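In: Task: produce atomic coordinates for the following.
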Amino acid sequence: MTGRTQQTRIGNNLSEINVIISGVVQGSCLGPALFLLYINDLIDVFSDGVIVKLYAYDVKLYSSCMIKGNDIDLELQTNLDT
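Out: Numbering: from 1, shown residues only. Below you'll find the predicted structure:
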């Protein structure tokens, strides 16, 4: 999958040709499998206090623990930054 290029057409105008250096071709059989391999380890990045739910292309983070003050906000933000 090397040597791929892309170009955009708007009406009769064409953009410059750009070389694609990364990614998977849309509509390929390999695309969904590679995405699942990539996203599956995302859960391991977050701390135990944060619950992670994955569905298709969506990720939801939340915490069910009761923490006084802004500690929960800080914990969630720290996990997002990670």
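In: Would you check the distance separating stretch 5-19 from the middle of the chain?
Out: 26 Å (CA atoms, centre = their mean, to the nearest Å).
In: Using PDB, list the CA coordinates for that stretch.
Out: The C-alpha trace of stretch 5-19 is given here as PDB (Å, rounded to 0.1, in the frame of the first residue of the first chain):
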ATOM      1  CA  THR A   5      -1.900   9.600  -4.100                       C
ATOM      2  CA  GLN A   6      -5.000  11.700  -3.600                       C
ATOM      3  CA  GLN A   7      -6.500  14.600  -5.500                       C
ATOM      4  CA  THR A   8      -9.700  16.600  -4.900                       C
ATOM      5  CA  ARG A   9     -12.000  17.800  -7.600                       C
ATOM      6  CA  ILE A  10     -14.400  20.700  -7.100                       C
ATOM      7  CA  GLY A  11     -16.400  21.400 -10.200                       C
ATOM      8  CA  ASN A  12     -13.800  21.400 -13.000                       C
ATOM      9  CA  ASN A  13     -10.900  22.400 -10.700                       C
ATOM     10  CA  LEU A  14      -8.400  19.900  -9.400                       C
ATOM     11  CA  SER A  15      -6.100  20.200  -6.400                       C
ATOM     12  CA  GLU A  16      -2.400  19.300  -6.400                       C
ATOM     13  CA  ILE A  17      -1.600  15.600  -6.200                       C
ATOM     14  CA  ASN A  18      -0.600  14.600  -2.700                       C
ATOM     15  CA  VAL A  19       1.300  11.500  -1.700                       C
END
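In: Pull the residues that contact that stretch.
Out: Stretch 5-19 is contacted by residues 3-4, 20 when judged by CB atoms under 8 Å, 6 or more residues apart in numbering. Any C-beta I mention is one placed from the backbone N, CA and C, and that applies to glycine too.
In: how does it look with 7 Å?
Out: The set of residues external to stretch 5-19 that reach it, using CB atoms under 7 Å, 6 or more residues apart in numbering, is I20.
In: So for that stretch, what gets flagged as buried?
Out: Of all the residues in stretch 5-19, not one is buried under the rule 16 or more other CB atoms under 10 Å.
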